[in-house]
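Peer 1: coordinates only, sequence not included:
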Ligand code: UDP
C-alpha cells in the first residue's frame, strides 16, 4: 500500500532544527546550582571535542522531547560540544500509527493492524533513504525514528543510542515485539527511570529529564506580566485558580480534570484553566480539544485555552498565577509539567503514574491521586490549607533544584556520550 508522505510542520530531514531558545552563559547557572557543578560540565564537555552528537526525533514543536532538546542543544553548544538536531519526516498516516504505538507502549489497549505496521515501515524506509547520518553519536529519541538504526552499516564507527522517554514497563506485547529487533541493534538504550525499562541485551542507562530554570518557561516573572497574561485570556484573579497545562491528549485526561473541578466547586468557589497546544506528531489533539470544550459546557469559570507553540512566557505566567497545579494523567512519561510547577513552588495534585512519583513524594512535595474523586479531595485540601500547600510547594522546589535541573541532565548526557567509548566491564540486564 502506498501512503502519502507529506511535509507537515517539520523541516526536511537534515535541515538541522534551530532550537527556539537562546543560550544563557554558564555563569547564570552557577548562581542556581553552584560553580563546581558548572566546572564539572566544562571538564566533561572538553573530552568530547571533535565528536558530533546527532539528535533525531519526530517533532521540533510540542511535548516534552522537543522541550528538552530546545534547552539542551544550546547549552551543549555553549559548552563547546557539537550537538545538532534533525527531525524525521512523515505524513498523517504515519503519525496516526506512531500515536497508537505510543499509547500501546504506555499499556493502553490499542489495535495495531499489520497494515499499520506497514505504514510505519514505509515512512521509516523513506527516512532511512533520505536522512543523512553524520553523527559520531546518533542519539535517536522515542519510537517514531527507531528504524533508522537500519542505517547503522552506513556509519560503522558511529555509536547509536535509543533514548526512550516513555514508560515501557507494561507495553502492549505485539508492539514491543515489533520494536525490539530495532532496539536490540542500538549500542545502548536510555530510560527515564528504573521502573520504565525492559530487559534488553544492550547497555541501559537511566537518566531522568530536566527543566531549564533560566528558560522563558521557568524564569522568574514580574507580577505585571502574570497579570497581563490573565487579562489577555479574560481570567479574573478573584478566586483560586486550578490549572492543568498539557497537550490535548486522552492520556492527560482533561475531562477527568473537569470532573474533579466540578466536585471541588461544590464546596469551594474556584476556577479551572486547561491550557495546551498540539504537537505536530499528534493527530488526535484536535478531537480531544473539541471534547474538552464540550465537557466544559458553558461554565464561565472553566477556561479552555488553546496555546500556540512557543508561548513559553504565557505558560510560565499561567503556572505562576495558579493556586494549585494538577496533572491528572492516566499515563505519563516523566511529567515535565510537574517539574515546572514544583520549580515555581506551586502545590501540585498529580496522578501517581510514570515519572510523577519520582518528583512528588506524597504529602511532602505535593499530593498524589489515583482517581477523579481522589484528585478533587486533594485539591480541596490544598485550597483550604494555604500554609500546608505553601510548604509542599517549597519542598517541591528544593527537590527539583537537587535532582531535575538542566545542569544535572547535561552531566548525565556528557557521561553517557563518554561511556560510548568505554565499553569494558559491561553488565547487561
Ligand atoms: N507544553 C507546552 N505547550 C503546551 C503543552 C505543554 O509548551 O501547550 C510543554 C510543557 O510545559 C512541558 C512539555 O510541553 O514542558 C510537556 O512535557 P510532559 O513531560 O509534561 O508531557 P508530554 O507532552 O511529553 O507527554
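Peer 2: Looks like it arrived, so ask away. For clarity, every value in this text was computed on a predicted model and none was experimentally measured. Numbering: from 1, shown residues only.
Peer 1: Tell me the bridge partners for residue 324.
Peer 2: residue 242 (DSSP bridges).
Peer 1: What is the neighbour count of it?
Peer 2: 26 (other CB atoms under 10 Å). C-betas here are computed from N, CA, C, even on glycine.
Peer 1: I'd guessed it sits against residue 347; true?
Peer 2: Yes: if you go by CB atoms under 8 Å, residue 324 and residue 347 touch, sitting 5.5 Å apart.
Peer 1: anything in contact with each of these two?
Peer 2: Common contacts of residue 324 and residue 347 (CB atoms under 8 Å, 6 or more residues apart in numbering): 382, 389.
Peer 1: Find the nearest non-adjacent residue to residue 415, please.
Peer 2: Leaving aside its chain neighbours, residue 415 sits nearest to residue 44 (6.6 Å; criterion: CB to CB, 6 or more residues apart in numbering).
Peer 1: wait, what's in contact with the one you found?
Peer 2: 411, 414-415, 418.
Peer 1: which of these tops the neighbour count?
Peer 2: Most surrounded of those: other CB under 10 Å gives residue 414, at 23 neighbours.
Peer 1: for the stretch 1-150 of the chain, what spans make up the strands?
Peer 2: Using DSSP state E, counting those that start in this stretch, the strands assigned to the stretch 1-150 of the chain run over residues 52-57, 82-87, 137-141.
Peer 1: Then the stretch 201-350 of the chain?
Peer 2: 203-206, 241-245, 271-276, 302-306, 324-327, 348-351.
Peer 1: Can you tell me which residue of this protein sits closest to the ligand?
Peer 2: Per CB to the nearest ligand atom, residue 64 is where the chain lies closest to the ligand, at 2.7 Å.
Peer 1: Number of residues surrounding the residue lying closest to that residue once chain neighbours are set aside?
Peer 2: Spatial nearest neighbour of residue 64, excluding adjacent residues (CB to CB, 6+ apart): residue 336 at 4.7 Å. Around residue 336 there are 24 other residues, counting by other CB under 10 Å.
Peer 1: for residue 336, what are its contacts?
Peer 2: By CB under 8 Å, 6+ apart, the contact set of residue 336 is 64, 67-68, 209, 211.
Peer 1: From those residues, list the buried ones, please.
Peer 2: Buried members of the contacts of residue 336, scored by 16 or more other CB atoms under 10 Å, are 64, 67-68, 209, 211.
Peer 1: Which pair of the residues you listed spans the longest distance?
Peer 2: 64 and 211 (9.8 Å; CB to CB).
Peer 1: wait, what's in contact with the most centrally placed residue in the chain?
Peer 2: The residue lying closest to the centre of the chain (CA atoms, centre = their mean) is residue 64, at 2.0 Å. Applying CB under 8 Å, 6+ apart, we find residue 64 in contact with 165, 209, 333-334, 336.
Peer 1: coming back round to it: now mean neighbour count and mean pLDDT too, for the strands of the stretch 1-150 of the chain, in CSV please.
Peer 2: Below are those laid out as CSV (neighbours: other CB atoms under 10 Å; pLDDT from 0 to 100):
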stretch, mean neighbour count, mean pLDDT
strand 52-57, 23, 97
strand 82-87, 23, 96
strand 137-141, 24, 98
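Peer 1: residue boundaries of the helices in the stretch 51-200 of the chain?
Peer 2: 63-78, 92-105, 114-130, 173-183 (DSSP state H, counting those that start in this stretch).
Peer 1: Mean pLDDT for the ones you listed - can I get that in TSV?
Peer 2: Shown next, in TSV, are these (pLDDT from 0 to 100):
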stretch	mean pLDDT
helix 63-78	90
helix 92-105	95
helix 114-130	97
helix 173-183	97
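Peer 1: looking at those, which is closest to residue 37?
Peer 2: helix 63-78 (12.7 Å).
Peer 1: Now do the buried residues in that closest one.
Peer 2: Neighbour-count burial for helix 63-78, counted by 16+ other CB under 10 Å, picks out 63-76, 78.
Peer 1: give me the number of residues near residue 237?
Peer 2: Using other CB under 10 Å, residue 237 is surrounded by 12 other residues.
Peer 1: To clarify, my last question referred to residue 167.
Peer 2: Neighbours of residue 167 using other CB under 10 Å come to 23.
Peer 1: Kindly report the same for residue 227.
Peer 2: Applying other CB under 10 Å, I find that residue 227 has 13 neighbouring residues.
Peer 1: same thing with residue 359?
Peer 2: Residue 359: 25 neighbours (other CB under 10 Å).
Peer 1: Name the residues of the chain found near the ligand, please.
Peer 2: For the chain, the residues in contact with the ligand (CB under 6 Å from any ligand atom) are 63-64, 67, 217, 245-247, 276-277, 307, 315, 333-337, 340.
Peer 1: who does the helix or strand hosting residue 407 touch, helix- and strand-wise?
Peer 2: Residue 407 belongs to helix 406-419 when assigned by DSSP states H and E. On a contact count with 3 or more CB pairs under 8 Å, 6 or more residues apart in numbering; DSSP states H and E, helix 406-419 meets helix 26-33, helix 35-46, helix 63-78, strand 188-191, strand 203-206.
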